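>>> Have a look at this fold, sequence not included:
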């Protein structure tokens, strides 16, 4: 009988396996341990390990109840270090939960059932041990820097600590050490989000060095806040995002979690890695709100395409505003190897461009986009082979011309974006539209500006006051008492510079389009002349479609969401007496 045959999971109640290491002060000796099975409701005190499996082809062995068991070198290093820590600190033996050992990985049925318990496993653990790997020659300096910034220096942003480090003359070495630390593969792993977010207590380990995750998170906030270390979503942002999610999850009331942990957890985690692409969904199930979690069935016998398609179908029902369609990125189709329906987001692909147009954290709740109208119900049905969906809405029109954005606004010497009133006026003339935009009765160049920025700039009346105070300081210094219609006139140079900095991510993968009906819009790269723009019942944004090939009446490929100036608050759909809905079949 094999190891798992000796310790089967219980059939009558949810259960888990735990192992216990034999303590030894010799870090080079073989690791011996014992395994047993416990009800998840009656399990003893234990810790759960959070780590990366690693890519090293060489495996190392430990002994579990005298059975030889292969482990990746990274996990083997972790167990050696934790065993040594327990021995040196005079601790009693600690029971551990480790996915690679406690789940029979070759058994898809067991793997699926155990992963449905993952949230409980990490939430019930006394502590989650975050293992980043062995130390390198900069680890000690990185931990010293974290501890310095985590300490109280009588400033809110850590600026006193920054000044002290500059006096020491070690700022450059410390920044390099921090950079190496945050580039460790651990922070790219999608599974760590759930493992850390739900933990009662989380400790970060790198070789013999350790720090409480809360102190690490605080240190990172103060490092970026003081200006010591630059903030970037692709680097230190991965760590602070993790801390933000943990704080929200631990502190929020139940109804707040339902709203905060919606489809955005999948969107904001797109850049995280998973060896098994199904885990880009399964790994986040435990922290998604109840409506989403209940609709995700963990089954490793299902293909990646089925997992993604089933999630999209469920989100069409569980989420308001057809939000899942906004997560579709047109450019992903150039790089993906998956065969997905055009209306299904490809979670295997990394983030692309400026993200979704609707900015829930930036807009005041009462000012969110609602192009699909107030009180208009979503009408979604499945068709034929279940890979085609039918939605109802109106055809706003078709694309007449396209204006590239990046080449016009990019400053060649440093690859930054420059926006001025003169630039906007010049670009607006390319539309060949009249000087007054007919749908809002404003100057065409102003309508062009709002379209170019998807109405997300500092001048937008949608921006929440708290967000404006935090991120648009120049506008707070400027005289905001002038009427909104005049804010684009005679804008100070500093204010235009601030707009230029914030508009870059918005337009990164976008184009301006002009419709035959006279509308101005912002869409994703890859859109073409002749594409159809529609507004679907109950949607938050308009969407762009392309006639199916070969053409069939009412059948389309789904392309992406888009912004159309003058329709984003339901101006078209709210006039229910004059609109006539049609069906759009999306393949």
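Thanks, I have the structure now. Computed from a predicted model, the values in this text were never measured in an experiment. Numbering: from 1, shown residues only.

>>> buried stuff in stretch 211-227?
Using 16 or more other C-beta atoms under 10 Å as the test for burial, stretch 211-227 gives 211, 213-226. From N, CA and C alone the C-beta is placed, and that goes for glycine too.

>>> of those, closest to residue 565?
The nearest member of those to residue 565, counting by C-beta to C-beta, is residue 224 at 34.6 Å.

>>> Would you mind measuring from that closest one to residue 240?
Per C-beta to C-beta, to the nearest Å, residue 224 is found 7 Å from residue 240.

>>> quick one, what contacts the residue lying closest to residue 327 once chain neighbours are set aside?
Sequence neighbours aside, residue 345 is the residue nearest to residue 327 in space, at 4.1 Å (criterion: C-beta to C-beta, 6 or more residues apart in numbering). Applying C-beta atoms under 8 Å, 6 or more residues apart in numbering, we find residue 345 in contact with 266, 308, 312, 324, 327, 328, 329.

>>> and if you look at residue 200?
123, 125, 126, 127, 128.

>>> do you know how far the third one is from residue 43?
This points to residue 126. 11 Å.

>>> neighbour-wise, which of those two wins?
residue 43 (19 against 14; other C-beta atoms under 10 Å).

>>> quick one: the more buried one and residue 14 touch, right?
No - Residue 43 is not in contact with residue 14 according to C-beta atoms under 8 Å; the separation is 10.2 Å.

>>> what residues are up against residue 39?
Residue 39 neighbours (C-beta under 8 Å, 6+ apart): 10, 13, 14, 15.

>>> and the third one, how many neighbours?
The reference is to residue 14. Neighbour count of residue 14, defined by other C-beta under 10 Å: 15.

>>> Without its sequence neighbours, what residue ends up closest to it?
residue 40 is the one closest to residue 14 (C-beta to C-beta, 6+ apart), at 4.6 Å.

>>> okay but that neighbour is in contact with residue 121, surely?
Yes - judged on C-beta under 8 Å, residue 40 makes contact with residue 121 at a distance of 7.3 Å.

>>> Let me see the ranges of the helices in the stretch 51-200 of the chain.
In the stretch 51-200 of the chain, the segments counted as helices under DSSP state H, counting those that start in this stretch are 73-88, 99-102, 108-115, 118-124, 139-150, 159-168, 171-182, 191-197.

>>> returning to what we had before: give me the common contacts of residue 40 and residue 121.
residue 16.

>>> Between those two, tell me which one has more neighbours.
residue 121 (25 against 15).

>>> doesn't residue 450 make contact with residue 460?
Yes - in terms of C-beta under 8 Å, residue 460 counts as a neighbour of residue 450; the distance is 7.4 Å.

>>> what's the next secondary structure element after the lengthiest strand in the chain?
The longest strand of the chain (DSSP state E) is strand 388-404. Where DSSP states H and E defines the elements, the next helix or strand beyond strand 388-404 is helix 406-409.

>>> Show me what that next one packs onto, helices and strands only.
helix 421-429, helix 493-507 (3 or more C-beta pairs under 8 Å, 6 or more residues apart in numbering; DSSP states H and E).

>>> Quick check: which helices or strands does the shortest one pack against?
Helix 421-429 is packed against helix 406-409, helix 444-452, with contacts defined by 3+ C-beta pairs under 8 Å, 6+ apart.

>>> which other helices and strands contact the helix or strand following it?
Proceeding N to C from helix 421-429, the next assigned helix or strand is strand 436-437, under DSSP H and E. Contacts defined by 3+ C-beta pairs under 8 Å, 6+ apart place strand 436-437 against strand 442-443, helix 444-452.

>>> which neighbours does the shortest one have in its sheet, and in what orientation?
For strand 442-443, the pairing partners within the sheet under DSSP bridges are strand 436-437 (antiparallel).

>>> And residue 460 and residue 450? Which one has more around it.
A direct count of neighbours by other C-beta under 10 Å for residue 460 and residue 450 places residue 450 higher, at 23 against 20.

>>> Quick check: that one touching residue 456?
No - look at residue 450 against residue 456 with C-beta under 8 Å: they stay out of range, at 9.3 Å.

>>> quick one: low-confidence parts of the stretch 401-550 of the chain?
Residues of the stretch 401-550 of the chain meeting the criterion pLDDT under 70: 408, 410-416, 470, 473-487.

>>> ok, 90 please
Where the stretch 401-550 of the chain drops to pLDDT under 90, the residues are 404-427, 432, 456-461, 463-509, 538, 548-550.

>>> which secondary element of the chain has the worst mean pLDDT?
Of all helical and strand segments in the chain, the minimum by mean pLDDT, DSSP states H and E falls on helix 473-477, at a mean of 61.

>>> circling back to that earlier point, tabulate the helices and strands packed on helix 421-429 (a markdown table), appending distance to residue 66.
Below are the helices and strands packed on helix 421-429 laid out as a markdown table (distance: least, C-beta to C-beta, whole Å):
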| stretch | distance to residue 66 |
| --- | --- |
| helix 406-409 | 63 |
| helix 444-452 | 68 |
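
>>> Which of those helices sits closest to residue 159?
With C-beta to C-beta as the measure, helix 406-409 is the member of the helices and strands packed on helix 421-429 nearest residue 159 (33.9 Å).

>>> Contacts for that closest one next, please.
417, 418, 419, 423, 427, 503, 507, 508.

>>> Just the buried ones from the residues you listed?
Using 16+ other C-beta under 10 Å, the buried ones in the contacts of helix 406-409 are 417, 419, 423, 427, 503, 507.

>>> now the first one: how far from residue 556?
Using C-beta to C-beta, one obtains 33 Å as the distance from residue 417 to residue 556.

>>> how many neighbours does residue 169 have?
Residue 169: 8 surrounding residues under other C-beta under 10 Å.

>>> Relative to residue 444, how far out is it?
56 Å.

>>> returning to what we had before: of the buried residues of stretch 211-227, which belong to helices?
213-226 (DSSP state H).
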